[in-house]
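> fold the following for me, if possible:
(one chain, ligands or ions: 1)
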Amino acid sequence: MVEGERVVGVDAGKPATVRTASGPMTADAVVLATGAPILERGLYFAKTEVRRSYVVAMRVPGGEDAIPRGMYLSIERPTHSLRTAPDPGGELLLVGGNGHPTGRVPSELAYVDGLAQWGVENFPGAVEVSRWSAQDYRSGNLIPFVGWFPRGRGRVYLATGYNKWGMTNGVAAALSLTADLTGETLDWAQVMHHRRTHPADLAAGIGMNVRVGTTMAKVWAAAERAEPDIAEEMSPPAEGTGHVGHAGRHPVAVSTIDGRTCALSAVCTHLGGIVHWNDAEHTWDCPLHGSRFAPDGDVLEGPATESLRQA
Ligand code: FES
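Here you go, the predicted structure:
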């Protein structure tokens with residue numbers, strides 16, 4: 001078993017070759033089960049919408065008797081969900097929601113703070129115990145992409161687009177892929193395998209990519225207008241903050257975390273989006289297809305496979 005290696009490419013020869021940062025590996029079959037498939041073929045990064053959402057764990061006065069049993073999903077927007085989690089100190093209430101497209105809001109912190117506030121308003125006296133975020137992928141028609149990868153010669157498979165229902169869609173994808181690999185046929189899995197494109201799905205896909213194109217134009221224009229010019233500004237950003245400026249005509253992403261200031265190219269290594277500072281996670285997030293990078297530029301989530309370059 002090999003863990004902790006970054007895969008940067010897959011060749012669908014016989015056997016298939018997985019290219020990693022430390023060298024190649026071969027396999028009879030390769031399953032790409034990452035959030036966004038790292039391979040360009042099939043353009044799945046352009047067929048999935050990427051969203052972040054949040055969960056706040058809260059201790060509610062009255063404990064188990066005061067929190068709803070089961071799981072609830074609101075019909076209002078933004079969506080909120082409620083469920084419970086066991087804890088040695090007593091059952092916790094998990095408040096989820098306030099999702100938004102990755103990298104396209106001014107402040108992620110405002111979204112997660114807003115979620116915590118919603119929890120307190122609806123469960124007076126609730127005290128926050130923990131908070132975290134997730135990144136999810138969904139297709140235009142909400143059906144996951146599972147099965148053979150285009151031009152993968154039957155040796156490369158993918159699974160993504162669970163639309164936040166990973167606990168069920170992930171299991172369904174695993175069963176379907178297992179059947180593919182062992183030569184079985186699962187009737188119910190045909191829905192995922194034989195995807196018909198309906199006009200509504202096509203419209204959803206076009207809408208998604210129009211928003212990506214518009215975002216691309218906006219973020220480059222904003223980066224060019226950005227102040228100050230990093231080359232001239234000597235004082236680093238305040239601790240825990242980051243911003244995009246420019247050095248000459250090149251957009252630069254600069255942040256200070258744990259006393260360390262890093263200045264990087266703000267241009268996403270996937271297809272050239274301008275990254276955005278995520279003030280809740282202290283990461284650089286790309287608003288086009290959801291790649292995320294650590295403050296030092298290291299890749300956290302694809303489809304990008306290369307770190308942000310040093311400025
Ligand atoms: S993730 Fe595609 S351009 Fe950044």
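> residues near the residue nearest to residue 95 when sequence neighbours are not counted, how many?
Spatial nearest neighbour of residue 95, excluding adjacent residues (Cβ to Cβ, 6 or more residues apart in numbering): residue 119 at 4.1 Å. Placement of C-beta: from N, CA and C, glycine included. By other Cβ atoms under 10 Å, 23 other residues sit near residue 119.
> mind listing what residue 119 touches?
56, 58, 93, 95, 126, 128 (Cβ atoms under 8 Å, 6 or more residues apart in numbering).
> any idea which helix or strand carries the first one?
In this case it means residue 56. Per DSSP states H and E: residue 56 is located in strand 48-59.
> tell me which strands and helices that strand is in contact with?
For strand 48-59, the packing partners by 3 or more Cβ pairs under 8 Å, 6 or more residues apart in numbering; DSSP states H and E come out as strand 92-101, helix 108-122, strand 127-139.
> quick one: closest of the ones you listed to residue 221.
strand 92-101 (18.4 Å; Cβ to Cβ).
> just the CA coordinates of the closest one, formatted as PDB?
In PDB, the C-alpha atoms belonging to strand 92-101 read as follows (Å, rounded to 0.1, in the frame of the first residue of the first chain):
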ATOM      1  CA  LEU A  92     -24.200  17.300  20.200                       C
ATOM      2  CA  LEU A  93     -26.400  19.200  17.700                       C
ATOM      3  CA  LEU A  94     -24.700  19.500  14.300                       C
ATOM      4  CA  VAL A  95     -25.900  22.500  12.300                       C
ATOM      5  CA  GLY A  96     -24.900  22.400   8.700                       C
ATOM      6  CA  GLY A  97     -25.400  24.600   5.600                       C
ATOM      7  CA  ASN A  98     -24.700  28.100   4.300                       C
ATOM      8  CA  GLY A  99     -23.100  26.600   1.200                       C
ATOM      9  CA  HIS A 100     -21.700  28.700  -1.600                       C
ATOM     10  CA  PRO A 101     -19.600  28.200  -4.800                       C
END
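> just checking: what are the partner strands of it?
Sheet pairing of strand 92-101 (DSSP bridges) gives strand 48-59 (antiparallel), strand 80-85 (antiparallel).
> got the angle between the last one and strand 127-139?
Pointing back at strand 80-85 there. Interaxial angle of strand 80-85 relative to strand 127-139 (axes from the mean of the first three to the mean of the last three Cα atoms, to 10 degrees): 120 degrees.
> show me the shaky parts of this protein.
Regions of the chain meeting the criterion pLDDT under 70 cover residues 194-220, 223-235.
> all the helices of it, in order from the start?
44-47, 108-122, 166-182, 190-193, 199-225 (DSSP state H).
> report how many residues lie close to the closest residue to the ligand within the stretch 1-150 of the chain.
Closest contact between the stretch 1-150 of the chain and the ligand, by Cβ to the nearest ligand atom, is at residue 45 (6.0 Å). Applying other Cβ under 10 Å, we find 24 residues neighbouring residue 45.
> can you pull the contacts of it?
Counted by Cβ under 8 Å, 6+ apart, residue 45 has contacts 36, 37, 270, 289, 303.
> for the residues you listed, which two are the farthest from each other?
37 and 270 (11.9 Å).
> which one among the contacts of residue 45 gets closest to residue 2?
Of the contacts of residue 45, the one sitting nearest to residue 2 (Cβ to Cβ) turns out to be residue 37, at 19.6 Å.
> how many residues are close by that closest one?
Every residue meeting other Cβ under 10 Å relative to residue 37 is counted, giving 26.
> again, but for the one 10 residues further on
Residue 47 has 20 neighbours, counted by other Cβ under 10 Å.
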